[in-house]
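Novice: take a look and give me a structure for this.
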Amino acid sequence: IVRLTQLAVLQKVSSASVTVDKQLVSSIGRGILVLAGVGRGDTEKDADSLVGQILKAKLWPDENGGQVRCA
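Specialist: As a prediction, this is how the structure comes out:
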């Protein structure tokens, strides 16, 4: 049985924002929007691991045709 408690969805966006109770919390222009979720049983170490995986994602091709990491 596989137990998935962490999930991240990465989306290229021209702009994105977060609004809470009709108050703008944050916004970005062109970039990557990350929707990340963790479960009740996840630890801070689990969340850090998810962040590490996101930062290692290769999203754009480099000049040699390979992929460039986002961080």
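Novice: end-to-end on stretch 36-50?
Specialist: Using C-alpha to C-alpha, to the nearest Å, the end-to-end distance of stretch 36-50 comes to 8 Å.
Novice: how about it: buried residues?
Specialist: Across stretch 36-50, burial judged by 16 or more other C-beta atoms under 10 Å covers residue 50. To be clear about C-beta, it is placed using only N, CA and C from the backbone, and glycine gets the same treatment.
Novice: give me the residues contacting that stretch.
Specialist: When contacts are defined by C-beta atoms under 8 Å, 6 or more residues apart in numbering, stretch 36-50 is touched by residues 5, 6, 7, 8, 9, 51, 54.
Novice: from residue 43, how far out is residue 16?
Specialist: Plainly put, residue 16 is 28 Å away from residue 43 if you go by C-beta to C-beta, to the nearest Å.
Novice: in this structure, which spans are helices?
Specialist: Assigned by DSSP state H, the chain shows helices spanning 44-55.
Novice: quick check: which ranges of it have low pLDDT?
Specialist: The chain contains residues with pLDDT under 70 at 1-4, 65-71.
Novice: count the neighbours of residue 51 for me.
Specialist: 14 (other C-beta atoms under 10 Å).
Novice: for the closest residue in space to it that isn't next to it in sequence, give the beta-bridge partners.
Specialist: Of all residues not flanking residue 51 in the chain, residue 36 sits nearest, at 7.9 Å (C-beta to C-beta, 6 or more residues apart in numbering). Residue 36 has these beta-bridge partners by DSSP bridges: residue 8.
Novice: tell me how far residue 36 lies from residue 11.
Specialist: 12 Å.
Novice: hmm, which of the contacts of stretch 36-50 are the buried ones?
Specialist: Looks like the contacts of stretch 36-50 have none buried, using 16+ other C-beta under 10 Å.
Novice: need the residues you listed in a markdown table with distance to residue 32, can you?
Specialist: Putting those into a markdown table (distance: C-beta to C-beta, whole Å) gives the following:
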| residue | distance to residue 32 |
| --- | --- |
| 5 | 23 |
| 6 | 18 |
| 7 | 16 |
| 8 | 11 |
| 9 | 11 |
| 51 | 13 |
| 54 | 9 |
